[in-house]
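A.B. asks: Okay, sequence plus prediction incoming.
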Amino acid sequence: MAHATIRDVARAANVSIATVSRALNGHGNVRANLRERVQTAAAALGYVPHTGARSLSLARTNAIGVMLPDLHGEFYSEALRGIDAEASARGLQLLLSNMHGDQRGTETLRFMRGRVDALIIMAPDIDPERLLAHLPPSLPTVLISCPDVAADHPQFRIDNVAAADAMVEHLVASGRRRIVHLSGPRGNRDAEERIAGYSVAMSRHGLSPRVLTGDFEEESGTAAAQALLAEAERADALFAANDMMAIGALVAFQRAGLGVPDDIAIAGFDDIPLARFVTPALTTMRVGIAEIGAEAVSRVAAILAGANDTAIRWVAPQIKARASTVGATHDAPPDRRAIAFRDGA
């Protein structure tokens, strides 16, 4: 329904307007079955709280909603560090949630309406049509590593294909030929693009690509290493689609008595802080996770100030060659100004 009102929601849910207001604003004095009925009716009608009416009493909330696939782990803590630092500098508060899959994610999107001025969403696994259907039309929304959506929302995308290609080039240049890729979960946008870049580079060198499927967790890196250790002709390099899997594999190989990088080279992706401090230090692709988070807040602030921003901003990762592939190196702290962004389709 175009421009559904709170009266329409009340009529569809067969409750009072006051009940609709309490249910959608999170008041505790609404029975669970009534709250669900109201939320279902509001979603079906496409109801969005009237921001003009809200502004008469509340003005802006000065809050940004942030939705991530998870809230634990070094990758997401780095993203939040960048988001929080920039938001704090601008006097903005954060309302955080994790996706917990498509259903929980869309429920959280409904919850955010009326409570925040804008959204930052990182959802590489969500169904794009479902995401688009539940994005509140009245809220400026910045997307990070989300599937393609047919909507004019500003986005950040990591150039995963080029980065994975570059990592294979690095490993080949160091003399490796039996290079195995440990991917993230299938269906995840970043994981699929990193598989594509790896495969293209391997084929270009006349090498046979081999992909083991992981889940971005340290344990799947351990499991992949154990599988490779059991093989007669062992791989001479493992390129993992994120650093946590790479670190899990590195530890497992060392416990089995293999030298890294002498017996097997190991590389990751993301450049989480821990990558510099394991032994040997981990070769990886630096994404600039915190910088992306900070830049997302800057774009939100510009849109709230009236800017018309619908651009896709590409992030170009940088290879950080360390001792896990090239022997002893001295690695300086990352240059926080060095991440390159470019606009493009």
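C.D. replies: Right, received. Where do you want to start?

A.B. asks: shaky segments in the stretch 51-200 of the chain?
C.D. replies: 51-59, 100-106, 149-151 (pLDDT under 70).

A.B. asks: Which stretches in it count as helices?
C.D. replies: For the stretch 51-200 of the chain, the helices defined by DSSP state H, counting those that start in this stretch cover 51-58, 74-89, 101-112, 128-134, 160-173, 189-204.

A.B. asks: Just the buried positions in the fourth one, please.
C.D. replies: Looking back up the chat, that one is helix 128-134. By neighbour count on 16 or more other C-beta atoms under 10 Å, the buried set for helix 128-134 is 130-132, 134. (Glycine included, C-beta is placed from N, CA and C.)

A.B. asks: want to try TSV for the helices of the stretch 51-200 of the chain, with distance to I144 as columns?
C.D. replies: As requested, the helices of the stretch 51-200 of the chain are exported to TSV (distance: least, C-beta to C-beta, whole Å):
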stretch	distance to I144
helix 51-58	24
helix 74-89	8
helix 101-112	14
helix 128-134	12
helix 160-173	13
helix 189-204	10
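
A.B. asks: before we move on, back to that, so which of the buried residues of helix 128-134 would you say is closest to H181?
C.D. replies: L131 (27.5 Å; C-beta to C-beta).

A.B. asks: Do I have it right that the closest one meets P147?
C.D. replies: Yes: contact status for L131 versus P147: in contact at 7.2 Å, counting by C-beta atoms under 8 Å.

A.B. asks: number of nearby residues for the nearest residue to E107 once chain neighbours are set aside?
C.D. replies: Leaving aside its chain neighbours, E107 sits nearest to Q39 (7.5 Å; criterion: C-beta to C-beta, 6 or more residues apart in numbering). Q39 has 19 neighbouring residues, counting by other C-beta atoms under 10 Å.

A.B. asks: what packs against whichever helix or strand Q39 is part of?
C.D. replies: Q39 is located in helix 32-45, with elements delineated by DSSP states H and E. The helices and strands touching helix 32-45, judged by 3 or more C-beta pairs under 8 Å, 6 or more residues apart in numbering; DSSP states H and E, are helix 6-13, helix 17-24, helix 101-112.

A.B. asks: how long is stretch 130-138 end to end?
C.D. replies: Using C-alpha to C-alpha, to the nearest Å, the end-to-end distance of stretch 130-138 comes to 17 Å.

A.B. asks: May I have the phi/psi pair for the spatially closest residue to E219 that is not a sequence neighbour?
C.D. replies: Nearest non-adjacent residue to E219, counting by C-beta to C-beta, 6+ apart: G248, 6.3 Å away. Backbone torsions of G248, given as degrees, to the nearest 10, read phi -60, psi -40.

A.B. asks: And the one 10 residues further on, by the same measure?
C.D. replies: Reported as degrees, to the nearest 10, the phi and psi values for L258 are phi -80, psi 150.

A.B. asks: count of residues packed around it?
C.D. replies: Close neighbours of L258, defined as other C-beta under 10 Å, add up to 18.

A.B. asks: Go ahead and confirm it touches V251.
C.D. replies: No: in this structure L258 lies outside contact range of V251 using C-beta under 8 Å: 11.0 Å.

A.B. asks: any idea how far R37 is from the most centrally placed residue in the chain?
C.D. replies: Centrality entry for the chain: nearest residue to the mean C-alpha point is M122, 4.4 Å, by C-alpha atoms, centre = their mean. Plainly put, M122 is 31 Å away from R37 if you go by C-beta to C-beta, to the nearest Å.

A.B. asks: could you list every residue that touches the spatially closest residue to L135 that is not a sequence neighbour?
C.D. replies: Using C-beta to C-beta, 6+ apart and skipping residues adjacent in sequence, the residue nearest L135 is T141, 5.7 Å away. T141 is in contact with 118-121, 135, 153, counting by C-beta atoms under 8 Å, 6 or more residues apart in numbering.

A.B. asks: what's the residue nearest to the centre of the chain in contact with, if anything?
C.D. replies: 67-69, 79, 143-146.

A.B. asks: mind redoing it with 10 Å?
C.D. replies: Contacts for M122 (C-beta atoms under 10 Å, 6 or more residues apart in numbering) come out as 66-70, 75-76, 79, 83, 98-99, 142-146, 156, 292-293, 296.
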